[in-house]
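*Asks:* Build me a model:
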Amino acid sequence: MEKRVSISAQEEPLDQFLNRLSKEVGGVFSYSPSALDISRNISGEFTEQSCREVLEEVFEGEVNYKQKGAYLILTPAPPSDKEITISGYVVDEQSGESIKDATVYNPITLQSSTTDEFGFFEFQVKNPAAENFQLVINKKDYVDTLLIDNRQSRFQKIFLKSEGENASPIVQSLTEPMKNFWIWTKNSVGFTNMENVQDTINRKFQLSLVPFIGTNKKISGSVRNDFSINILGGFSGGTNKVELGGLFNINRGNVGKLQLAGLFNQTGGTVSGLQMSGLANVNLDSVKAVQLAGISNFTTGPVSGVQGAGVLNIATSTVKGAQLAGVINYTHRDVKGAQLSTVMNIARNVKGLQLGLINYSDSISGVPIGLISFVRKGYHKVEIGTDEMLPLNFSLRTGTRGFYNMLFAGIRPEKTGSITWAFGYGVGSSPRLANKLYLNIELSSQQMIKGNVEALNLINRGFLGLDYQVARHFGIYAGPSINLRVYDNSFNNHPELFTGSGPKIVSEKSYSNNFKSQSWWGFRAGIRVF
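*Replies:* Numbering: from 1, shown residues only. As a prediction, this is how the structure comes out:
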């Protein structure tokens, strides 16, 4: 159950997928075909996940499973109103390593479980509709407790923070200056009051000109307000409903509903609702909101919602929702949703869409769309091939099999002083047809020249081929192509399309401004490595 595999499926029947998965993990699945819907189709990309995690994503908690020797027994889960199984992994937030011997317990019923060597825990909850089954996770040398609301998910990966080191060096370097921002008040009476008055005072309304000059006076850092209006700027213990700031709003605690500022908002607790500023939003805890900023959004806790910024979004934890940026989106951990930017998107594991000029992720279950999309555990191929125009072509493919980018160049050695060559870009998809056999669907465009680029001579190509994976890092491909050449007819030094006997031109048209087009059927074939 704990063997890690990388496997993908595209509209594949469940029984075939289980058969392939069994070969990957070295076990045999045992189940009743009448009890499981084996005819339903499975689609997904599973990268470096345990067999248990793959089964959880495929069956979504509707199937129980247990291991006996080499047999993996699958049975339908009982009705959820009678009994549910709570399970998951406990891992170190910084290293990603499994945490053994962590105690997971329900503080109401005192039911408990201890994680095994893989960090896995599991127990059953009877009568879940009537039982409050929040969990507490304890482990020596880690932050004491972490509460998880398991009504949201029956299978979870729970991250624990080390007591001595709550974040990676990268995250610490980003967050420490933000956490120390309030120190500008430390020599003031207001800061002294804030340290001394630990209890939070609640007020319906406050009005301030600048921090500590307002209706809450020098104790404003310990007051939580329902409504807060700051003419220039304000500093408070938190906001329950609405806060408006001419220049800035600073809150030690949580902010709910609506927060608007001309320049920036900074919050030490959770943000909910809508947060808007002219320049930046800075949050040192989780965000369950829509964040809109003219320049940047910065959040150290998990984000559930939307981050929209004119330049940059930074989330040092996970994002569930969307990041929209004019230039860059950066998520230090996982994204479930979308990252959209004009230049670059960066994340660890992505379940959803990345759309930008450059996309980077550790793994992705979805689609990265851009000029260059690099998935560290994704699809990377170097191709050496030939076609009807150029005898030698080189191509780099990167992305996922569902969607990848192609950068390529080709050459035709000739006896004359100038060499005919081409360079271009394309996109493609490679769905699985059978074991080791894939379909290639590709669109590309390349400029074909002799010597230097002097005039338009663009070859646009649609390719439909077969890719057979002979071995793990070696494959062969071949297939037909349909080609459309668009070129400047006033230029007299275009290279010949074909040498010797070439394909027949099936259509030829002339356009205004001395442009012409030609179309023909061609081919591509070659090998792929890595």
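
*Asks:* use CA for all of it now, contacts and neighbours both
*Replies:* OK.

*Asks:* May I have the helix or strand Q49 falls within exported as CSV, CA atoms only?
*Replies:* According to DSSP states H and E, Q49 maps onto strand 41-50. Backbone C-alpha positions of strand 41-50 (Å, rounded to 0.1, in the frame of the first residue of the first chain) are rendered in CSV as follows:
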residue,chain,number,x,y,z
ASN,A,41,-13.5,5.4,-16.8
ILE,A,42,-10.5,6.9,-14.9
SER,A,43,-8.5,10.0,-15.8
GLY,A,44,-5.7,11.4,-13.7
GLU,A,45,-1.9,12.0,-13.4
PHE,A,46,-0.4,10.4,-10.2
THR,A,47,3.3,11.4,-9.6
GLU,A,48,5.3,9.8,-6.9
GLN,A,49,2.3,8.9,-4.8
SER,A,50,1.7,5.9,-2.6
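
*Asks:* Just checking: what are the partner strands of it?
*Replies:* Here strand 41-50 has these sheet partners by DSSP bridges: strand 4-13 (antiparallel).

*Asks:* outside of whatever helix or strand comes next after the partner strand, which residues touch it?
*Replies:* Of the helices and strands lying after strand 4-13 in sequence (DSSP H and E), the nearest is helix 14-25. Helix 14-25 is contacted from outside by 1, 3-5, 7, 9, 28-29, 37-42, 51, using Cα atoms under 8 Å, 6 or more residues apart in numbering.

*Asks:* do that again at 10 Å, thanks
*Replies:* For helix 14-25, the surrounding residues in contact (Cα atoms under 10 Å, 6 or more residues apart in numbering) are 1-12, 26-29, 33, 36-43, 50-51, 54-55, 58, 70-72, 435.

*Asks:* pLDDT (mean, whole number) over whatever helix or strand comes next after it?
*Replies:* Later in the chain than helix 14-25, the nearest helix or strand by DSSP H and E is strand 28-30. Mean pLDDT, strand 28-30: 86.

*Asks:* Pop out the phi and psi values for N513.
*Replies:* The phi/psi pair for N513 (degrees, to the nearest 10) reads phi 60, psi 30.

*Asks:* wait, what's in contact with it?
*Replies:* D488, N489, S490.

*Asks:* Quick one: find the helix or strand in this protein with the lowest mean pLDDT.
*Replies:* Lowest mean confidence among the helices and strands of the chain (mean pLDDT, DSSP states H and E): helix 189-196, at a mean of 47.

*Asks:* What is the burial count for N514?
*Replies:* 11 (other Cα atoms under 10 Å).

*Asks:* Grab the nearest non-local neighbour of it.
*Replies:* The shortest distance from N514 to any residue other than its chain neighbours is 5.3 Å, reached at N489 (Cα to Cα, 6 or more residues apart in numbering).

*Asks:* Quick check: the one you found vs T499, distance?
*Replies:* To T499, N489 is 20 Å away according to Cα to Cα, to the nearest Å.

*Asks:* Compare neighbour counts for these two and give me the winner.
*Replies:* A count of neighbours by other Cα under 10 Å puts N489 above the other of N489 and T499, at 18 against 12.

*Asks:* and that one, what is it in contact with?
*Replies:* A455, L456, N457, S510, Y511, N513, N514, F515, K516, S517.

*Asks:* at 7 Å instead, please
*Replies:* Counting by Cα atoms under 7 Å, 6 or more residues apart in numbering, N489 touches N514, F515, K516.

*Asks:* V125 now?
*Replies:* Taking Cα under 7 Å, 6+ apart as the test, what V125 contacts is E83, I84, T85.

*Asks:* Pull out the buried members of those.
*Replies:* With burial judged by 16 or more other Cα atoms under 10 Å, the buried subset of the contacts of V125 is I84, T85.

*Asks:* can the contacts of V125 go into TSV with extra columns for secondary structure, distance to G237 and pLDDT?
*Replies:* Listed next are the contacts of V125 as TSV, based on DSSP: H, G, I helix; E, B strand; the rest coil; distance: Cα to Cα, whole Å; pLDDT from 0 to 100:
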residue	secondary structure	distance to G237	pLDDT
E83	strand	42	70
I84	strand	40	74
T85	strand	40	76
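
*Asks:* Using a markdown table, lay out the contacts of V125 together with distance to K218.
*Replies:* Shown next, in a markdown table, are the contacts of V125 (distance: Cα to Cα, whole Å):
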| residue | distance to K218 |
| --- | --- |
| E83 | 54 |
| I84 | 52 |
| T85 | 52 |
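
*Asks:* Might you list the low-confidence residue ranges for the stretch 101-250 of the chain?
*Replies:* Where the stretch 101-250 of the chain drops to pLDDT under 70, the residues are 107-111, 127-134, 144-153, 163-200.
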